[in-house]
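*Asks:* need a structure here:
(one chain, ligands or ions: 1)
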Amino acid sequence: MRISLENAGRRFNREWIFRGVTANLLPGGRYAVLGPNGSGKSTLLSLISGHLSPSEGKVLYQAASGPVQVESVYRHLSFAAPYLDLIEEFSLSEMIDFHFRFKPMDGGMDRHSLVELLGMEKSKHKAIKYFSSGMKQRTRLALACCAATPVLLLDEPTSNLDSQGVQWYEALIEGFAGSKLIVVCSNQPYEYAFCKHYIQITDYK
Ligand SMILES: Nc1ncnc2c1ncn2[C@@H]1O[C@H](COP(=O)(O)OP(=O)(O)OP(=O)(O)O)[C@@H](O)[C@H]1O
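*Replies:* Residues are numbered from 1 along each chain as shown. Sure thing, here's the model as predicted:
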């Protein structure tokens, strides 16, 4: 999947958050969206994911099979962010089953190996609402990284993770990045150490 931003800008009411973003996000590319708090990183990620439309310019999606309309791009994307809700009433096992009814799981994985990867054997029947914030974040990351989609979008991936969790995240990326196009919004260099390309939001003010 190739995602092209053509002179993309977004404003809320009268305030422009960014303008004139032109970038080609290529298959297998690793991109970090950088900038201080409140600069517009999450907003740009929402444009890339198709959750928000640009106020000016275009965001275009091109799969190997041809152009993809924004309405159906979600099928090609996996997304993890601390503000994305999990289904709190579900147990971990139920959450995994539910998630992968809509998205194929990475070839080598099944529910059991995903629980093992999370290190949550003892919690697989526990309701997500009783998970700690770090356990929830690990669950979001594992669901996103283990989906067989060509695009992986991560917003502040290690928020709520302790140092062991950060190492776990690094191993997760190494294990599952494969040939995916990855975009990470971050302020923490260790979250995007694997990225080769940078989009500085402050360049587009
Ligand atoms: N729906 C909205 N309506 C109005 N303003 C919004 C909306 N969403 C975001 N903003 C504003 O857009 C600006 C950029 O917010 P955004 O969350 O994209 O920044 P960020 O760089 O991701 O911040 P952080 O690093 O703190 O997560 C902020 O001023 C925010 O208040």
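
*Asks:* Spatially nearest residue to the residue sitting nearest the centre point of the chain, not counting backbone neighbours?
*Replies:* With distances taken as Cα atoms, centre = their mean, Leu153 lies nearest the centre of the chain, 2.4 Å away. The spatially closest residue to Leu153, leaving aside those adjacent along the chain, is Phe79, at 4.7 Å (Cβ to Cβ, 6 or more residues apart in numbering). Where C-beta positions appear, they are placed from N, C-alpha and C, glycine not excepted.

*Asks:* Go ahead and confirm that neighbour touches Ser49.
*Replies:* Yes. Under the criterion of Cβ atoms under 8 Å, Phe79 makes contact with Ser49 at 5.9 Å.

*Asks:* can you list residues touching both of these two?
*Replies:* Leu153 (Cβ atoms under 8 Å, 6 or more residues apart in numbering).

*Asks:* Just give the number of residues close to Glu175.
*Replies:* Actually, residue 175 is Gly. It isn't Glu. Around Gly175 there are 13 other residues, counting by other Cβ atoms under 10 Å.

*Asks:* What values do phi and psi take at the nearest residue to it once chain neighbours are set aside?
*Replies:* Excluding its sequence neighbours, the residue lying closest to Gly175 (Cβ to Cβ, 6+ apart) is Cys145, at 7.9 Å. Dihedral angles of Cys145 (phi, psi; degrees, to the nearest 10) stand at phi -70, psi -30.

*Asks:* For Cys145, grab the count of nearby residues.
*Replies:* For Cys145, using other Cβ under 10 Å, the count is 26.

*Asks:* try Pro54
*Replies:* For Pro54, using other Cβ under 10 Å, the count is 19.

*Asks:* Just say helix, strand or coil for it.
*Replies:* On the three-state scheme (DSSP: H, G, I helix; E, B strand; the rest coil), Pro54 is labelled coil.

*Asks:* SS state for the nearest residue to it once chain neighbours are set aside?
*Replies:* Spatial nearest neighbour of Pro54, excluding adjacent residues (Cβ to Cβ, 6+ apart): Ala8 at 4.4 Å. The three-state assignment at Ala8 reads strand, by three-state DSSP.

*Asks:* these two touch, right, Ala8 and Ile48?
*Replies:* No. Counting by Cβ under 8 Å, Ala8 stays clear of Ile48, with 9.1 Å between them.

*Asks:* Just the element for the residue nearest to Leu153, please.
*Replies:* Taking DSSP states H and E as the criterion, Phe79 maps to strand 77-80.

*Asks:* partners of that strand, with directions?
*Replies:* Strand pairing for strand 77-80, determined by DSSP bridges: strand 151-155 (parallel).

*Asks:* Show the subsequent helix or strand relative to the partner strand.
*Replies:* Going down the chain from strand 151-155, the next helix or strand is helix 163-176, by DSSP H and E.
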